[in-house]
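Sequence first, predicted coordinates after that:
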Amino acid sequence: MDSRKQSGFCACAVLFCFMFFAPAQKPAVGQENIDDPEIYQEVARVSYVSGGVSYSRGDDPDYWETAAINVPFTLGDRIYSPSSGRAELELPAGNFVRLAPRTYLTALNLSYDIKQFYLGVGKAAFHIRNLAADEIYEVDTPNVAVNFEASGRYRVEVDEEGNTRILVRRGRAIVAAKGRQISVEEGEIRIYGIESPRYEVVPLRNPDSFDRWVAERDDRFEQRYPRTQRYVSSEMIGVEELWDHGRWEEIPEFGYAWSPRQVPSGWRPFTAGHWFWQDPWGWTWISDEPWGWATSHYGRWIPYRSRWYWVPAAPRVRVVRYAPAVVGFVRTRDHVGWVPLHPRDRIAPWWGYRRPRRQEHITFVNQRHVTVVNQNVFVSGRPVRTNVVRDSAVVREVSSGRIMEQPLPVPSRSSLRVNAGREERQKPQAPPATVLSRPAVVRLAPAPPPPTFQEKLPEIQKSRGAPVPMDAAMKMSLKKSSKRDHHPIRPAAVEETGAEFAPRTPGASALKPQPVTPARGKKLATPNEPVLTHVPPIERREQRPQQGQRATSPAPSQAPATATETARQREKLEQQQEEQKSQQDKLRKAPEERKRNRAERFKRDQQRQTPEKEAQKQEQQQKDGQIGKALKEGKEGEEWQRQRAERLQQQQRMREKQQQEKQQRDQELAKIRKEAEEQRRKALELKRQQQAQSREKQQESGMRQKQTQKESEAVLPLERGKQLKDSQQEHGKQQQPQMP
């Protein structure tokens, strides 16, 4: 072999061994590696329900069931609040949709850049705190399409006849119908009629009971979210629930982590809830714990000091993708097990195009903390907590298996249920048929309704339990869309002669309609293409390397390399080796550097703590002075005074509530102490009685022994005298002479 070729081969071999067998670099703490651009679809969290709210899946439209919190709400899903019901949907970046009683809402499109809803009847409040530059929020009704162009507070109402009212309390909305659109800023617009819509602009109404409930929910979020935001990324949903149910601690090597406060003994993640099938993600975890959304779909779990801690994505991470569950599955023939992922674990996704095409052999850090259930329990969606397998032989068999060594089970109809295995307290109500059959006026082309589960099941069985990708589901929907369009589409961009979108009273409104334009470059709905016909391309966002992912060697060139190319490759390999060595040096020095950085950070925090408090105090005093000055000068007037009074009342209510909770806790603690003292007193009394009885028995036994001894001593002389007399008589008889 030529020496040059031999040296090149050796260099490649050394690099190959180094990359595959060198110790892996410690992953960035809290880093999210779920960034699959093929999953264009998004989810919202059902964060609040009351009064028997009903829920129906997009791929099972004929079945309604009672809604529950922490259910993922996605494309085609529908929710209906009856006369006593209210509901809340939470979206990324702190955005919310809240429903009043007698309200029907469905998701026409729910993706990373388009949130498109259809409001068939009722009232819905939309609080858009953050709106990205390429993000669109659209609410479609029976007679208009509404786009929210800026962050703000909006309210949309639809009455029984299909008339629409739009309230813009802060922000800007575009209202479109019949080929025309108008812009509304901080006002109320009412649209009457479906075939020939007419509008009028009126002053904003005073808040009603629904607005007050929305304000209460907003206040609750605002009080909790800032406290948690310092630890997690703003893209995560449901993190505001963590503050009331756990504590944050700084864990060595992983930074700040959260641990639940009140959990039963022996608790571990992913045990309080059940499994649920939802395309295009497949098996999805629904947590029964109110705080369980964020900890189930983001971050990682670590056991530390006999407790479980959740490690989230850091606040600096701007790309955080939803995962159906952050677990690794292990399966045998009759059982399914799963383990919570550790920050060092590499995720083995069972969804999306990154799903392994061949079965991988992976072991995880937390594999000894496996949860095992029977396969029927897993597929039927029954609660895990009451069906965990305790047989040590089965658990040992599952825990010794390899992750993703066998495909996951194929779902059934019962896998679609939110409340599988639980008895419904009351029959869920469905919206009226007239509401379901109303057409939706849309500005943007929505996604086609998802295919039914029965239509997707053959594809799932063919792929051995893998979920149906978005493009395949869309193709299936387009083939059968003519048969099963749940919501007929009426494009708002189509202008009809004699049915213009115009003021209700000619010349009464200063808002002049303009031709409908595409919203931020998105596709408008047309009569020929009322829905999307393909999954829009989405650019891959900046992401960090996969945790635990090994580098792969470059593919060999097809043509023979020249001497110059060989030299370049050798130089490149040597450079890569130097980089790898430097990385190893950094890894060896990392613990000391982390310790030094923590000490310096602690010192800086101590030095900065007092000035920061003084600065905050001065700033608050300045604000109070400005407010007082403004009130005196009459610049802000009654509005400032009302807001300040509301804040003071709210603070007073919070203090009273905390005081009541403290008193209640103190009373419960005193009651527990009193009961414990009473039990201790009773135990001591019982012990004294037992000791007294024992002493009495001992005394009686001693007296009986003494009496017996006295009787024996009294009888003994008599017996001895009798014996002596008998012996004397016998002796006398022997001495008498006998008669001849």
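Arrived safely.

need the contact list for the closest residue to L408 other than its chain neighbours.
Distance criterion C-beta to C-beta, 6 or more residues apart in numbering; nearest residue to L408, sequence neighbours excluded, is G465 at 4.4 Å. (C-beta placed from N, C-alpha, C; glycine too.) Neighbour list for G465: G282, W350, P407, L408, P409, V410, P411 [criterion: C-beta atoms under 8 Å, 6 or more residues apart in numbering].

which strands and helices sit next to the one helix or strand K671 maps to?
Assigned by DSSP states H and E, K671 falls within helix 637-735. With contacts defined as 3 or more C-beta pairs under 8 Å, 6 or more residues apart in numbering; DSSP states H and E, the packing partners of helix 637-735 are helix 563-633.

measure M470 to Y118 for me?
M470 sits at a distance of 20 Å from Y118 (criterion: C-beta to C-beta, to the nearest Å).

Which one's more surrounded, those two?
Y118 (27 against 22; other C-beta atoms under 10 Å).

A strand includes the more buried one, no?
Yes. Counting by DSSP: H, G, I helix; E, B strand; the rest coil, Y118 is part of a strand.

isn't it right up against L110?
No. Taking C-beta atoms under 8 Å as the definition, Y118 is not a contact partner of L110, at 11.6 Å.

Need phi/psi at I69.
I69 adopts backbone torsions of phi -70, psi 160, taken as degrees, to the nearest 10.

Find the nearest non-adjacent residue to it, please.
In this structure, I69 finds its nearest non-sequential neighbour in V46, 5.7 Å apart by C-beta to C-beta, 6+ apart.

Just say helix, strand or coil for the one you found.
Applying three-state DSSP: V46 is strand.

Quick check: it vs V71, distance?
Distance from V46 to V71, by C-beta to C-beta: 4 Å.

which residues are common contacts for those two?
Overlap of the contact sets of V46 and V71 (by C-beta under 8 Å, 6+ apart) consists of Y55.

Now do Q707 against E719, distance only.
For Q707, the distance to E719 (C-beta to C-beta) stands at 19 Å.

Also G238?
Using C-beta to C-beta, one gets 98 Å for the distance from G238 to E719.

same question, I166
For I166 relative to E719 (C-beta to C-beta), the value is 123 Å.

Could you do G273 as well?
89 Å.

ok, the two, which is more surrounded?
Neighbours were counted for G273 and for E719 using other C-beta under 10 Å; G273 has more, 20 against 9.

Find the nearest non-adjacent residue to the more buried one, please.
Nearest residue to G273, sequence neighbours excluded (C-beta to C-beta, 6+ apart): S287, at 4.3 Å.

from what I can see that neighbour touches F276, true?
No. Using C-beta under 8 Å, S287 makes no contact with F276, being 10.5 Å away.

that older thread, which ones among the contacts of G465 map onto strands?
Counted as lying in strands by DSSP state E, out of those, are G282.

Show me just the buried residues among the contacts of G465.
The neighbour count (16 or more other C-beta atoms under 10 Å) marks G282, W350, L408, P409, V410, P411 as buried among the contacts of G465.

Return the member of those nearest to I251.
W350 (28.7 Å; C-beta to C-beta).

wait, what's in contact with the nearest residue to the closest one once chain neighbours are set aside?
Sequence neighbours aside, G282 is the residue nearest to W350 in space, at 5.4 Å (criterion: C-beta to C-beta, 6+ apart). Listed by C-beta under 8 Å, 6+ apart, the contact partners of G282 are P324, W350, W351, L408, G465, A466, P467.

okay if I get those as CSV plus pLDDT and distance to D219?
Conversion of the contacts of G282 to CSV gives the following (pLDDT from 0 to 100; distance: C-beta to C-beta, whole Å):
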residue, pLDDT, distance to D219
P324, 95, 32
W350, 79, 40
W351, 73, 37
L408, 88, 42
G465, 88, 44
A466, 90, 44
P467, 92, 39
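
Let me have those in CSV, extended by distance to R170.
Below are the contacts of G282 laid out as CSV (distance: C-beta to C-beta, whole Å):
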residue, distance to R170
P324, 35
W350, 43
W351, 38
L408, 46
G465, 47
A466, 45
P467, 40
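
List the ones among the residues you listed that fall in helices.
Counting by DSSP state H, none of the members of the contacts of G282 fall within helices.

from memory A173 sits against S183, does it?
Yes. Assessed by C-beta under 8 Å, A173 is found in contact with S183 at 7.3 Å.
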